[in-house]
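1. Sequence plus predicted model, see below.
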Amino acid sequence: MTPGGRGSGLRRGVTILGLLAVGTAAGCGDGPGVTRPEAPAVTRIDAVPNPQNALSLLVDVASTGLATARVLAWIPGDPPDSTPVRSVAGDAFRLAVLGLEAETTYRVAVEGWGERGEPVVSDTVEATTGALPDYLRYQADLLIGTMTGSVPGGYVVANLRRQPDAQYTVAFDFTGDLRWYRRWDQVGSFGEQGKDGNFVVFTGGTTGFTPLYGYYTEIAPDGEVVRTHRAPPLFYTDNHEILLTPGVGGPTAHFLSYDIRFLDLSDHGGSSRARVAGHQILRTGPGGDLEFRWDAWDHLDLDDWVLGTSPAACTLCDFDHPNSLDLDHDGDYILSVRNLSQVVKIDSRTGAVLWKLGGGSGEFTFLDDPENGFSGQHCVRVLDDGHLLLYDNGTEHVPRETRVVEYALDEDARTATRVWEFRHVPAVYTSGLGSVQRLRNGNTFIGFGGAGMASLVDPAGMVLWEAELMIDDVPATRTYRFQDIVSLYDFEAP
């Protein structure tokens, strides 16, 4: 069964209440003329394998009078575990049990509570999980290289990408065991858990500038599609980032798009009819209506284009190549623009550029930073204290070396002071890809995606945990990001 503690697929150590007497508490204290709520009862339970995920069971419940419920599941002879408690509505509902073992028989029961907290436990049924796809059984593995101290709780989320094989979004626990997955006929680089607890993946073959349409698919933890997000006509949906924030009737989506224009790059030594992509930030409401658009063509300078395909060599390329988007504490956008080696803050109401950090037109002076800034960066994140944490690929550093660096910004003085960094020993360089997360306990989770490696480090720079994602015994060097999550069921800040 799944290990207990932070992020376990099921909650360990639950005691089954055993065939409880129900209904007696429902009418206690009712006076004449008072309508008593219906006594809670589970009238039927059925558990079946999840066709989207062999490490999961789907439990269908028929009931009366339930307000909340959870599933208890256990291998015969083991103590029961449980899913989180869920609010339920109506007399029929489905709950998913996640983080199980494949091809294993479980006993399953449902524990529920009425509106007044009256408990009830269903009869017990048995169900057997399905078999893992051969690709996940034999070809994909998370190999643990370093483990200092206790096993971290939670899961590591990544996308498995290698054509022409089928594509998967996966979640391993920190011992290297696969605990969740979802197969796709085609999937791009992006695959993460969103802040609503659903998983979001990019479906499509674009590299961020090619004339290929795609979209983001949001799925519930049980694997069912919830909704999709895509750019409006005339724009291509970019595959690098989507943020979902709560909204009435559904989430507001913040993501990137691009259009392709013919440019005369002869002044830069290139073609007079080069096809060049430039990007937008889009904000769409719960119904998909466009609420905001910011366009790099209007705010970024081609003269700052220093990385990626050069203007002289471009026949089809992008000049900006944004690769991460975050929200500052004031609600404005923080955009990482890789080909400019620049981070830009953008007013989320007016679209005005508030400042530029790094690159040819950067406005900040770097302090206490031997590299004098970053180069070809990915995954810029705003920390709780307002600092910026980013994955610095180091493409123009001498020698080339990838690091994670944290800056304290003084927007008035226009200074960026390096306050923390991590460099791997031995040194790692990835020309593309990469991710970084600051965890609540102060540790930092780093995805060296171009090396197929993830590392957990403490504030002193000690590596606490490290692993390689392998496909056919070769590092999965096309892994865009690694994400540390707490729960398969719900979002919790890691």
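-> Right, received. Where do you want to start? Nothing here was measured: the structure is a model prediction, and the numbers come from that model.

2. Can you tell me the closest non-neighbouring residue to residue 179?
-> residue 99 (4.5 Å; C-beta to C-beta, 6 or more residues apart in numbering). Every C-beta, even on glycine, is put in place using the N, C-alpha and C of the backbone.

3. quick one: that neighbour and residue 181 touch, right?
-> No. Counting by C-beta atoms under 8 Å, residue 99 stays clear of residue 181, with 11.2 Å between them.

4. Those two: which has the busier surroundings?
-> More crowded of residue 99 and residue 181, by other C-beta atoms under 10 Å: residue 99, with 28 against 22.

5. any idea how far residue 255 lies from residue 484?
-> 22 Å (C-beta to C-beta, to the nearest Å).

6. Run through the stretch 151-300 of the chain and note the low-pLDDT ranges.
-> 162-166 (pLDDT under 70).

7. so where do the strands sit in it?
-> With strands called from DSSP state E, counting those that start in this stretch, the stretch 151-300 of the chain shows them at 155-160, 167-173, 178-184, 191-193, 199-203, 215-219, 225-229, 236-245, 252-263, 274-284, 290-295.

8. contacting residues around residue 207?
-> Contact analysis of residue 207 by C-beta atoms under 8 Å, 6 or more residues apart in numbering lists residue 239.

9. do you know how far it is from residue 343?
-> In terms of C-beta to C-beta, residue 207 sits 22 Å off from residue 343.

10. Can you check which helix is longest in this protein?
-> helix 296-299 (DSSP state H).

11. part of a helix, is residue 493?
-> No. Under DSSP: H, G, I helix; E, B strand; the rest coil, residue 493 sits outside any helix and is assigned coil.

12. who touches both of residue 99 and residue 181?
-> residue 55.

13. what's the domain layout of this protein?
-> Here the domain parsing of the chain from automatic domain parsing is 25-31+38-128, 190-346.

14. For residue 175, which of the ones you listed is the nearest?
-> Closest to residue 175 of the domains of the chain is domain 25-31+38-128 (C-beta to C-beta; 12.3 Å).

15. re earlier: distance to residue 116 added to the strands of the stretch 151-300 of the chain, as TSV?
-> Output for the strands of the stretch 151-300 of the chain, formatted as TSV (distance: least, C-beta to C-beta, whole Å):
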stretch	distance to residue 116
strand 155-160	36
strand 167-173	37
strand 178-184	35
strand 191-193	34
strand 199-203	35
strand 215-219	35
strand 225-229	32
strand 236-245	35
strand 252-263	37
strand 274-284	42
strand 290-295	43
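
16. quick one, which of these is nearest to residue 127?
-> Among the strands of the stretch 151-300 of the chain, if distance is taken as C-beta to C-beta, the winner is strand 178-184, at 17.6 Å.

17. between that closest one and strand 155-160, how big is the angle?
-> 30 degrees (axes from the mean of the first three to the mean of the last three C-alpha atoms, to 10 degrees).

18. Give me the contact list for strand 178-184.
-> With C-beta under 8 Å, 6+ apart, strand 178-184 has contacts from 2, 9, 52-53, 55-56, 98-99, 132-133, 136, 140, 142, 155, 166-173, 199, 201, 203, 219, 221, 223, 488.

19. Buried subset of these as a PyMOL selection?
-> Those of the contacts of strand 178-184 that count as buried under 16 or more other C-beta atoms under 10 Å are selected in PyMOL with:
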select buried, resi 2+9+52+53+55+56+98+99+132+133+136+140+142+155+167+168+169+170+171+172+173+199+201+203+219+221+223+488
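
20. Pull up the distance across stretch 260-273, start to finish.
-> 12 Å (C-alpha to C-alpha, to the nearest Å).

21. ugh, typo on my part, it should be stretch 413-428
-> 33 Å.

22. Let's test this: mean pLDDT of that stretch, rounded?
-> The pLDDT scores in stretch 413-428 average 98.

23. quick one: it to chain centroid distance?
-> Relative to the mean C-alpha coordinate of its chain, stretch 413-428 is positioned 24 Å out (C-alpha atoms, centre = their mean, to the nearest Å).

24. same deal with stretch 174-184?
-> Taking C-alpha atoms, centre = their mean, one finds the center of stretch 174-184 at 14 Å from the center of the full chain.

25. Now distance to residue 396 too, for the domains of the chain, in JSON lines please.
-> Below are these laid out as JSON lines (distance: least, C-beta to C-beta, whole Å):
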{"stretch": "domain 25-31+38-128", "distance to residue 396": "43"}
{"stretch": "domain 190-346", "distance to residue 396": "7"}
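
26. Residue nearest the middle of this structure, spatially speaking?
-> residue 192 (2.0 Å; C-alpha atoms, centre = their mean).

27. In contact with that one, which residues?
-> Shown in contact with residue 192 (C-beta under 8 Å, 6+ apart): 157, 199-200, 481, 483.

28. what bridges to it?
-> Counting by DSSP bridges, residue 192 is bridged to residue 200.

29. And for residue 343?
-> Beta-bridge partners, per DSSP bridges, of residue 343: residue 336, residue 357.

30. now could you export just the CA positions of stretch 181-188 as CSV?
-> Extracted in CSV, the C-alpha atoms of stretch 181-188 (Å, rounded to 0.1, in the frame of the first residue of the first chain):
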residue,chain,number,x,y,z
TYR,A,181,-0.6,8.2,-14.5
ARG,A,182,-2.8,9.2,-17.5
ARG,A,183,-2.1,8.2,-21.1
TRP,A,184,-2.5,10.5,-24.0
ASP,A,185,-2.5,9.9,-27.8
GLN,A,186,-0.4,13.0,-28.1
VAL,A,187,0.9,15.3,-25.4
GLY,A,188,3.3,18.2,-25.4
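
31. Can you give me the buried ones in it?
-> 181-184, 187-188.

32. So what's the gap between it and the chain middle?
-> 14 Å.

33. Hmm, residue 397 is touching residue 369, no?
-> No. Contact criterion C-beta under 8 Å: residue 397 and residue 369 do not qualify, at 11.0 Å.

34. quick one on the thing from earlier: can you name the two of the buried residues of stretch 181-188 that are farthest apart?
-> Largest pairwise distance in the buried residues of stretch 181-188, by C-beta to C-beta, is 16.6 Å, between 181 and 188.

35. Phi first, then psi, for residue 379.
-> phi 50, psi 70 (degrees, to the nearest 10).

36. Quick one: residues contacting it.
-> 323-324, 336, 390-391, 434-436, 447, 481.

37. Residue 434 versus that one, what's the distance?
-> 6 Å.

38. Need the residues touching each of these two.
-> Shared contacts of residue 379 and residue 434, counting by C-beta under 8 Å, 6+ apart, come down to 391, 447, 481.

39. okay, the residues you listed in TSV with pLDDT, distance to residue 111 and secondary structure next?
-> Converted to TSV, the shared contacts of residue 379 and residue 434 look like this (pLDDT from 0 to 100; distance: C-beta to C-beta, whole Å; DSSP: H, G, I helix; E, B strand; the rest coil):
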residue	pLDDT	distance to residue 111	secondary structure
391	98	43	strand
447	98	38	strand
481	95	37	coil
